[in-house]
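Q: My questions concern the predicted model and sequence given below.
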Amino acid sequence: MMPVTPTQTWQFRSPKQHLLRWVGWFWLIALTVFCWNLMTENTIWAFVADAPRQASDIGGRMLPPRWGYLNQLWKPLWDTLNIATLGTLIGVIIAIPVAFLAAGNTTPSRHFVRPLALLIIVTSRSINSLIWALLLVAIIGPGLLAGIIAIGLRSVGFIAKLLYEAIEEIDESQVEAIRATGASNVQVIDYAIIPQILPAFCGISVFRWDINIRESTILGLVGAGGLGLQLQSSLSTLAWNQVTVIFLVILATVIVSEWVSARVRQAVL
Amino acid sequence: MSREVTSLRAWKRPPILLKDPRWRWTILLGSAIYLVLAISSVDVDWSRVYEGLERGWRFIQGFLTPDFSSRWRDIQIGLIESLTMTLTSTVAGVLISVPIGIGAARNLAPTPVYMICRGIITVSRSFQEIIIAILLVAMFGFGPFAGFLTLTFASIGFLSKLLAEEIEDCDSAQIEAIRATGAGWWQVVNYAVQPQVMPRLIGLSLYRLDINFRESSVIGIVGAGGVGATLNTAIDRYEYDSAGAILIIIIAIVLVVEYSSSYIRRWVQ
């Protein structure tokens, strides 16, 4: 007679893994519930319950769109494109030196300059362009210039971060080859590094330009010019049928800019 | 004789991008014309800008000597709203985007489901947070609840799209192997797909947590709760030292979230 061997049933996870997962899930859920309670402490649920009625009310006012308003939107649209493009240009001009100072292989000093450049990148990246615009409108007054500078300052961090990562990934043997001809540091950057990062650089800039178009459409909400300014005035006069037209214009602009940027990136990369 | 001539010929550097000279000149000329038009349409009130320089200097001083104490109560309320909004909306976003992400994956979902899920993703991705926040504040009233809904809505598009792409990139051999054991659709998802995409899903969720925090500090400007409202008030009152304090807190939290999330991602993968 054969002895009965204890058959082990296969399990997806070991008991210890199981326990760990349960503990992890438990804490996540507990934390979420706690946050939810804290967040909704002051929520007036009557307003929330009222939302479907409000939604249908607003929907009723938004339709039909007031197409005649479109004629007043061409100038703001042109302003919005300018904010995005000129802002990207400023961002690019500042970002290039910052990226070279931040990249581990081109920075003049690892212990002093590099952390400083990284700090610039982090500061620019963690503050949204709308907040930059808020600050700049308070400082230099409402208008296109505040929007352009806000977009520029926000773009510096993004472009510099992606660019310095591209610089760190270059083929070092080309740098060595150029240096072996007796080239100076500037010539090394010009002949060995720039040809390697130029396609990535164009791709990054166009990508950022695409994002900037999106962001510049709303900068006017805080007074920085462009379509957002019209949006703000339509919202404050509760002209919801004009708001619809503005939303559609924004949507069309975003789709076109996304298409352009995808085509350009396809061409250069 | 002819030898000397060839040796005298200077090497001319070939262009890196746009090898066709006609294209190069068209693009150069086009951008020059655009720049002239764009810059001439930006009218700047230079006296206002000059006046603003002094204010800008005061802002920089306020940033360097931040005042955390006098508005601490407001800052605290804003921060708690932002942080709770961030966590709850990320959790809700992940919960909703997992089924949508599975539905939007070509290799798992039938075509009608695929089309519907892709449609949801496109709608969610084409409007930016601020515009959604404006609509939701109008429907649900002021406060963090509208912000929570905004961030959840925006997270769905982002997470489902990337999750669907990840599922489509799955190793199909493993799916086939599980399917060959006679497993049903649920079992395939659970045993073949889930182990492959889980690390990436955790990484994406943490990345979205990071983005949601940044956005939560902005949507307060249109009344959706969070530290953005506090910041807006501080700047409107020209209290640059309090505004500086809020910005420093935002930058610090973004840094902490970014570093801890990259640490957790490395630990998970």
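A: Received the coordinates, thanks. All values derive from a computational prediction rather than experimental measurement. Residues are numbered from 1 along each chain as shown, chains lettered A, B, ... in the order given.

Q: Show the contacting residues for the residue most central in space within chain B.
A: The centroid of chain B falls nearest to B:Ile211 when counting by C-alpha atoms, centre = their mean (5.2 Å). By C-beta atoms under 8 Å, 6 or more residues apart in numbering or on different chains, B:Ile211 lies in contact with B:Phe158. Every residue, glycine included, has its C-beta placed from N, CA and C.

Q: Name the residues of the helix or strand hosting it that are buried.
A: Using DSSP states H and E, B:Ile211 maps to helix B:194-216. For helix B:194-216, a neighbour-count test (16 or more other C-beta atoms under 10 Å in any protein chain shown) marks B:196-197, B:200-216 as buried.

Q: can you map out the helices along the chain?
A: No chain specified, so I'll use chain A. A:15-39, A:45-49, A:51-62, A:74-102, A:113-126, A:129-140, A:144-168, A:172-180, A:185-188, A:194-216, A:227-236, A:240-268 (DSSP state H).

Q: looking at chain B here, not the other one
A: Using DSSP H, helices in chain B cover B:2-8, B:21-41, B:46-64, B:72-103, B:111-126, B:129-140, B:144-168, B:172-180, B:185-188, B:194-216, B:227-236, B:240-268.

Q: looking only at pLDDT, what's the mean for the last one?
A: I take that to be helix B:240-268. Averaging pLDDT along helix B:240-268 gives 84.

Q: so, in contact with chain A or not, that helix?
A: Yes. Legend: contact between helix B:240-268 and chain A by C-beta under 8 Å from any C-beta of the partner chain is shown at B:243, B:247, B:250-251, B:254-255.

Q: quick one, that helix and helix B:72-103 angle?
A: Angle, helix B:240-268 to helix B:72-103, by axes from the mean of the first three to the mean of the last three C-alpha atoms, to 10 degrees: 40 degrees.

Q: C-alpha coordinates for the helix holding B:Ile211, PDB please?
A: The C-alpha atoms that make up helix B:194-216 are tabulated as PDB, following Å, rounded to 0.1, in the frame of the first residue of the first chain:
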ATOM      1  CA  GLN B 194      -2.200  41.500 -13.200                       C
ATOM      2  CA  PRO B 195       1.200  40.300 -12.200                       C
ATOM      3  CA  GLN B 196       2.800  41.900 -15.300                       C
ATOM      4  CA  VAL B 197       1.200  45.300 -14.900                       C
ATOM      5  CA  MET B 198       1.000  45.700 -11.100                       C
ATOM      6  CA  PRO B 199       4.400  47.300 -10.600                       C
ATOM      7  CA  ARG B 200       3.700  49.700 -13.400                       C
ATOM      8  CA  LEU B 201       0.300  50.500 -12.100                       C
ATOM      9  CA  ILE B 202       1.700  51.300  -8.600                       C
ATOM     10  CA  GLY B 203       4.300  53.500 -10.300                       C
ATOM     11  CA  LEU B 204       1.700  55.300 -12.300                       C
ATOM     12  CA  SER B 205      -0.600  55.800  -9.300                       C
ATOM     13  CA  LEU B 206       2.300  57.400  -7.400                       C
ATOM     14  CA  TYR B 207       3.100  59.600 -10.300                       C
ATOM     15  CA  ARG B 208      -0.500  60.700 -10.500                       C
ATOM     16  CA  LEU B 209      -0.500  61.400  -6.800                       C
ATOM     17  CA  ASP B 210       2.400  63.800  -7.400                       C
ATOM     18  CA  ILE B 211       0.500  65.500 -10.300                       C
ATOM     19  CA  ASN B 212      -2.700  65.700  -8.300                       C
ATOM     20  CA  PHE B 213      -1.000  67.500  -5.500                       C
ATOM     21  CA  ARG B 214       0.400  70.100  -7.900                       C
ATOM     22  CA  GLU B 215      -3.000  70.500  -9.500                       C
ATOM     23  CA  SER B 216      -4.700  70.700  -6.200                       C
END
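
Q: tell me the mean pLDDT over it?
A: 87.

Q: same thing with stretch A:74-88?
A: 90.

Q: buried stuff in that stretch?
A: Result for stretch A:74-88 [16+ other C-beta under 10 Å]: buried residues A:76-77, A:79-88.

Q: Tell me the backbone dihedrals of the closest residue to B:Ile27 other than its chain neighbours, please.
A: Spatial nearest neighbour of B:Ile27, excluding adjacent residues (C-beta to C-beta, 6 or more residues apart in numbering or on different chains): B:Leu18 at 6.7 Å. B:Leu18 adopts backbone torsions of phi 50, psi 70, taken as degrees, to the nearest 10.

Q: My guess is B:Leu18 contacts B:Thr26. True?
A: No. Here B:Leu18 does not reach B:Thr26: they are 9.5 Å apart, not a contact under C-beta atoms under 8 Å.

Q: can you list contacts of the worst-scoring helix or strand of chain A on mean pLDDT?
A: Using mean pLDDT, DSSP states H and E, helix A:45-49 stands out as the lowest-scoring helix or strand of chain A, at a mean of 76. Residues outside helix A:45-49 that contact it (C-beta under 8 Å, 6+ apart) are B:140-141, B:145.

Q: If we check chain A, which of those are in contact?
A: Answer for these near chain A (C-beta under 8 Å from any C-beta): B:140-141, B:145.

Q: Return the member of the residues you listed nearest to chain A.
A: Nearest to chain A out of the ones next to chain A among the contacts of helix A:45-49 is B:Gly141 (C-beta to the nearest C-beta; 3.6 Å).
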